[in-house]
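Colleague: coords please:
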Amino acid sequence: MSGQRSSKRLQPWGSLSGGPRAPWASMVGIIRQTSAWPLAAQSACALVAIVGGFLIQFVLGADGVGHPIVSFLACVFISALMFGRPSGFLAVAFSSFLILYFFEPDSAVRLDLLEVELYVALAVGAVVLADRIHCTLIMQSATNMKLAQEDTKKTLQLREVAHRVANNFASLDALIRQRAMASKDPKIQFAFEQASELVHVVARLNNRLSLASSDSTVDSGIFLPDLCEDLQACARIGIAIECLAESHDIALAEAVPLGLIINELVTNSLKYAFPHGGSGRITITFVREGDHYKLLVEDNGVGMSKDVKGSGLGLHLLQGFSRAIKGWVDIRSTSNGLSACVKFEARGHERHPSIKSAPGDKLESARALI
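Modeller: Residues are numbered from 1 along each chain as shown. Sure, this is the predicted structure:
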């Protein structure tokens, strides 16, 4: 539909998805809770676990199944893991008393003294091991919670900084507009208006980059369509802005000049490509070709009546922004509209599937090398 934004975000093959929550995460939470229980409650639970193990072995032993050492060791290990070393040693002492039942002549499973001594040794070792795991999990959980709190604090600080920066941009824009209204010279007013537009652009870019990621890179498949959405909001009814951007990690030092280039080219098309009104289309394409990124901004407007000479302020801005990313800009005009191509080096980023464009008419180039 005319006047509405059309955007396609191309994703790399084999996109990753978040996996399920680690099974031990909930277990660590339970261990943290049981560690805070009173010692009496922990001891009681450990004794109940040993009694439960004894009853299970009593039932199994009646059929000649299982071994009491295995049942009691499992109960002792779980008690030490859940409650710590004191409860674990209490479970060892109580289970050592209950295991004497199996010395009775009428028991289904008979144990000798050596096996009992072996059980006590293994139970003490199990308590030490379980207690070490218990302490490690508690310490790791506490560290993770501290890091999460610090991350939350930093996030709030970054939001505060972003809010202050936005306020500074607004104050600067108001000051520029005040100076423009105070001047009587049309040229000076026009220069102030251009400066105000640049402030607006940088403010929008700062907002988008602040929301995009906390890392040193941004995803072009998200950042560029969002930027085009802002530009579409500034376009008059009947002008559609279409964005086709591959997903690549772009450094922040490149994302800002790239956004300024797109703003300058799209703003130029909105001002001059459709002088008689009516509908129109502006297409922004961002792909990777070999070792370079390619940005292509095209419109189906009236084009240019003569070759680009490089004397306008807009072209000087494009050259400066392209120089910031060590690239070059190529502007071509045909009867079908204006086409501007910017290429710059891709510095060690992964390549993703390219957009295949239909071949266009043969263009006469006016190239501004940087």
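
Colleague: wait, isn't K326 in contact with V342?
Modeller: No - using CB atoms under 8 Å, K326 is not in contact with V342, being 11.3 Å away. For the C-beta atoms, the positions are set from N, CA and C on the backbone; glycine is no exception.

Colleague: May I ask which helix or strand encompasses I241?
Modeller: strand 239-246 (DSSP states H and E).

Colleague: Over to L295?
Modeller: Assessed by DSSP H and E, L295 sits inside strand 292-299.

Colleague: chain center to the next helix or strand along the chain from that strand, what's the gap?
Modeller: Sequence-wise, the next helix or strand downstream of strand 292-299 (DSSP H and E) is helix 313-324. How far helix 313-324 lies from its chain's middle: 31 Å, per CA atoms, centre = their mean, to the nearest Å.

Colleague: Same check on stretch 246-254?
Modeller: Centroid separation for stretch 246-254 versus its chain: 14 Å, with CA atoms, centre = their mean.

Colleague: Put the alpha carbons of it into CSV.
Modeller: In CSV, the C-alpha atoms belonging to stretch 246-254 read as follows (Å, rounded to 0.1, in the frame of the first residue of the first chain):
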residue,chain,number,x,y,z
GLU,A,246,20.6,-8.5,5.4
SER,A,247,21.5,-9.3,9.0
HIS,A,248,25.1,-8.4,9.8
ASP,A,249,26.9,-7.3,12.9
ILE,A,250,27.9,-3.6,12.2
ALA,A,251,30.3,-1.8,14.6
LEU,A,252,28.8,1.2,16.3
ALA,A,253,31.5,3.4,14.7
GLU,A,254,30.1,2.4,11.3
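
Colleague: So which bits of that stretch are buried?
Modeller: Buried residues in stretch 246-254, counted by 16 or more other CB atoms under 10 Å: E246, S247, H248, D249, I250, A251, E254.

Colleague: same check, this time on stretch 36-48
Modeller: For stretch 36-48, a neighbour-count test (16+ other CB under 10 Å) marks Q42, S43, C45, A46, L47 as buried.

Colleague: Format those residues as a markdown table; extra columns: pLDDT, distance to I284 and secondary structure.
Modeller: Below are the buried residues of stretch 36-48 laid out as a markdown table (pLDDT from 0 to 100; distance: CB to CB, whole Å; DSSP: H, G, I helix; E, B strand; the rest coil):
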| residue | pLDDT | distance to I284 | secondary structure |
| --- | --- | --- | --- |
| Q42 | 91 | 64 | helix |
| S43 | 91 | 69 | helix |
| C45 | 92 | 64 | helix |
| A46 | 91 | 67 | helix |
| L47 | 92 | 71 | helix |
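
Colleague: wait, what's in contact with F192?
Modeller: Counting by CB atoms under 8 Å, 6 or more residues apart in numbering, F192 touches I176, R177, R179, A180, S183.

Colleague: Show me just the buried residues among those residues.
Modeller: Buried subset of these (neighbour count, 16+ other CB under 10 Å): I176, R177, A180.

Colleague: hang on, the earlier thing: buried residues, the strand holding L295. List them.
Modeller: Y293, K294, L295, L296, V297, E298, D299.

Colleague: Identify the residues contacting the last one.
Modeller: Each residue near D299 by CB under 8 Å, 6+ apart is listed here: S269, A273, F274, G280, R281, I282, T283, G337, L338.

Colleague: Pull the number of nearby residues for the last one.
Modeller: Going back to what we said before, that points to L338. 23 (other CB atoms under 10 Å).

Colleague: circling back to that earlier point, can you put the buried residues of stretch 246-254 in JSON lines and add pLDDT?
Modeller: JSON lines is the format used below for the buried residues of stretch 246-254 (pLDDT from 0 to 100):
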{"residue": "E246", "pLDDT": "92"}
{"residue": "S247", "pLDDT": "92"}
{"residue": "H248", "pLDDT": "91"}
{"residue": "D249", "pLDDT": "89"}
{"residue": "I250", "pLDDT": "87"}
{"residue": "A251", "pLDDT": "86"}
{"residue": "E254", "pLDDT": "88"}
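
Colleague: so where's the stretch 201-350 of the chain shaky on pLDDT?
Modeller: 208-215, 305-313, 348-350 (pLDDT under 70).

Colleague: repeat that with 80
Modeller: Scanning the stretch 201-350 of the chain for pLDDT under 80 picks out 201-216, 234, 276-278, 304-315, 334-335, 347-350.
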